[in-house]
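**Student:** Model the structure of this input:
(one chain, ligands or ions: 1)
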Amino acid sequence: MDLDDLQLGPERRAMVETVRRFVQREVRPSVRALEHADAYPTALVERMRELGLFGMGVPVEYGGLGLDTQAYALVFEELSRGWMSLAGVLGTHGILCHLLARFGTESQRSEWLPRLASGELRGGLALTEPEGGSDVAALRTTARRDGDAYVLDGAKQFITNTHEGSVFAVVARTGGAGAGGLSAFVVVKTPERAATLIEGAPLKKLGYKGLKTSSLTFDGCRVPEGCLIGGEEGRGFAQVMSGLELGRINVAARAVGVARAALEDSLAYAKERVTFGKPIIEHQAIGHKLADMATEIAAARHLYLAAAAKRDRGERCDLEAAMAKLFASTMCTRATLEGIQIHGGYGYTDAYDVERYYRDAPLFTVGEGTNEILRTVIARALARRDP
Ligand SMILES: Cc1cc2nc3c(=O)[nH]c(=O)nc-3n(C[C@H](O)[C@H](O)[C@H](O)COP(=O)(O)OP(=O)(O)OC[C@H]3O[C@@H](n4cnc5c(N)ncnc54)[C@H](O)[C@@H]3O)c2cc1C
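**Tutor:** The predicted structure follows:
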């Protein structure tokens with residue numbers, strides 16, 4: 001990607017370039033060992049903290065970098081080009097920061113955002129439940145008012161950053177059935193809550209290695225009333241849907257980053273690998289695969305940047321974010337498979353990184369709203385429009 005084409009201001013451009021250098025110099029040399037050991041990237045996360053990445057979306061007055069959505073998404077693309085798992089450390093953390101920055105009370109903002117921005121606290125989102133993630137309005141975890149506190153009971157599933165994270169946005173039912181009965185809470189992992197806020201064993205995953213994803217069970221977990229985001233019950237569904245608009249732009253950017261890694265590695269390999277007396281890039285069948293990959297990556301980037309620009313103008317972007325994620329994630333599954341094909345037999349082994357890209361790609365079609373659900377979101381948004 002040529003940053004000159006993007007008309008970034010000097011500060012945003014410097015941030016994207018800094019992360020690009022970090023990926024090139026520090027992530028790419030260490031990623032294969034971390035991936036295959038399924039090891040949490042402690043040293044890289046510490047560097048991300050030093051670079052201020054935990055506070056990317058946090059307003060400057062609360063200690064963050066205050067990046068707009070376009071720059072935020074471009075950073076996610078760069079990180080994912082190095083290793084998608086690094087983006088996973090920051091993805092749901094960013095949604096928690098967004099929920100507090102946009103919907104939190106002033107005391108919630110000043111209590112949590114500076115510590116989230118510095119990376120002292122690392123966040124996650126606890127939305128999905130064992131009975132289903134797509135039907136958010138049907139979720140069953142309850143938050144019962146008890147004096148000046150709420151008591152949470154229920155189970156969450158597939159929660160990323162449970163083990164290394166320390167604070168979660170938890171969506172629970174405070175009222176009746178349906179979306180209007182949901183509220184969002186900030187819940188901190190503390191030693192006192194260890195018996196009532198229980199992390200399950202890490203799930204064994206196809207990809208997204210290094211990060212722990214597990215269940216999170218609430219068994220009479222007591223939190224102060226001040227943990228209710230915005231201080232008003234029944235707002236949780238709208239708040240989390242707003243967070244998912246950001247999440248979907250972020251996932252689209254991650255998909256572009258992984259597809260770009262597949263393209264760049266495949267291009268280098270296709271120039272080196274010689275068959276029938278010439279580099280394979282000169283065989284039209286291989287050249288055309290690379291051409292399709294490059295074209296679709298550019299198209300996907302335009303889609304996520306357009307969605308981000310709309311969000312930066314303060315407009316609703318559920319349609320654009322859904323389109324960007326739908327297209328970019330589907331494109332990424334195609335591009336990573338082509339990456340393996342271009343590498344021939346070696347692509348099917350761990351001698352090259354393309355096998356990792358291929359294993360990471362399917363998460364993009366499932367996480368933050370499956371592509372089936374996104375098609376429904378897009379169709380509904382189209383139905384709202386004038387012809
Ligand atoms: C590695 C990983 C990390 C994750 N991290 C987090 C996290 O940090 N926090 C969090 O809250 N969640 C997280 N998730 C959960 C993820 O968001 C859910 O898996 C996803 O939303 C789908 O929910 P589900 O798995 O329950 O599938 P289901 O909702 O059971 O859906 C199963 C299938 O049916 C389809 N389907 C369901 N309803 C419809 C419909 N109405 N029309 C058409 N098709 C439909 C779905 O598209 C899907 O193909 C993570 C998941 C994974 C795999």
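**Student:** show me the contacts for the closest residue to the ligand within the chain.
**Tutor:** Residue nearest to the ligand within the chain (CB to the nearest ligand atom): G133, separated by 2.4 Å. For every residue, glycine as well, the C-beta is placed using N, CA and C. By CB atoms under 8 Å, 6 or more residues apart in numbering, the residues touching G133 are 127, 157-158, 370.
**Student:** Could you do A14 as well?
**Tutor:** Counting by CB under 8 Å, 6+ apart, A14 has no contacts.
**Student:** which residue is nearest the centroid of the chain?
**Tutor:** Centroid check for the chain by CA atoms, centre = their mean gives G91 as the closest residue, at 3.5 Å.
**Student:** quick one: which helix or strand includes that one?
**Tutor:** helix 84-103 (DSSP states H and E).
**Student:** Can you list the buried residues in the helix or strand following that helix?
**Tutor:** Later in the chain than helix 84-103, the nearest helix or strand by DSSP H and E is helix 106-118. Within helix 106-118, the residues that qualify as buried by neighbour count (16 or more other CB atoms under 10 Å) are 108-109, 112-117.
**Student:** list the helices and strands helix 106-118 packs on?
**Tutor:** Contacts defined by 3 or more CB pairs under 8 Å, 6 or more residues apart in numbering; DSSP states H and E place helix 106-118 against helix 84-103.
**Student:** So A255 lies in a helix, does it not?
**Tutor:** Yes - A255: assigned to a helix according to DSSP: H, G, I helix; E, B strand; the rest coil.
**Student:** Pull the contacting residues for it.
**Tutor:** Here A255 is in contact with 80, 300, 325, 328-329, 331-332, 361, 364 (criterion: CB under 8 Å, 6+ apart).
**Student:** From the contacts of G133, keep the buried residues only.
**Tutor:** Applying 16+ other CB under 10 Å to these, the neighbour count classes 127, 157-158 as buried.
**Student:** Identify the residues contacting L228.
**Tutor:** 150, 174, 183-185.
**Student:** Mind picking the two most distant members of those residues?
**Tutor:** Spatially, the most separated pair among these is Y150 and A184, at 11.4 Å (CB to CB).
**Student:** residues in the protein within reach of the ligand, list them.
**Tutor:** 92, 124-128, 132-134, 158-160, 205, 208, 213, 363, 366-368, 370, 372-373 (CB under 6 Å from any ligand atom).
**Student:** Selecting buried members of those residues in ChimeraX, what would you type?
**Tutor:** In ChimeraX, this line selects whichever of those come out buried by 16+ other CB under 10 Å:
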select :92,124,125,126,127,128,133,158,159,160,205,208,213,363,366,367,368,373
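**Student:** And what about S214, helix, strand or coil?
**Tutor:** Going by three-state DSSP, the secondary structure assigned to S214 is strand.
**Student:** any idea of the pLDDT on it?
**Tutor:** Note for S214: predicted pLDDT of 97.
**Student:** Next, count neighbours for it.
**Tutor:** 19 (other CB atoms under 10 Å).
**Student:** ok, now how distant is it from T18?
**Tutor:** 32 Å (CB to CB, to the nearest Å).
**Student:** and what of G347?
**Tutor:** 31 Å.
**Student:** Look at those two and report which has more neighbours.
**Tutor:** Neighbours per residue (other CB under 10 Å) separate G347 from T18, with G347 holding more: 24 against 15.
**Student:** Next up, the contacts around the more buried one.
**Tutor:** G347 touches 339-341, 354-355, counting by CB under 8 Å, 6+ apart.
**Student:** Give me the below-cutoff pLDDT ranges for the chain.
**Tutor:** 387 (pLDDT under 70).
**Student:** all strands of it, in order?
**Tutor:** 123-126, 142-146, 149-160, 167-173, 182-188, 197-199, 213-224, 274-275, 278-279 (DSSP state E).
**Student:** if you compare those, which one is most tucked away?
**Tutor:** Mean neighbour count, computed with mean count of other CB atoms under 10 Å, is highest for strand 123-126 among these, reaching a mean of 28.
**Student:** ok, back up a step: in space, what's closest to the residue nearest to the centre of the chain - neighbours in sequence excluded?
**Tutor:** With CB to CB, 6 or more residues apart in numbering as the measure, N250 is the residue that lies nearest to G91, at 5.6 Å, once sequence neighbours are left out.
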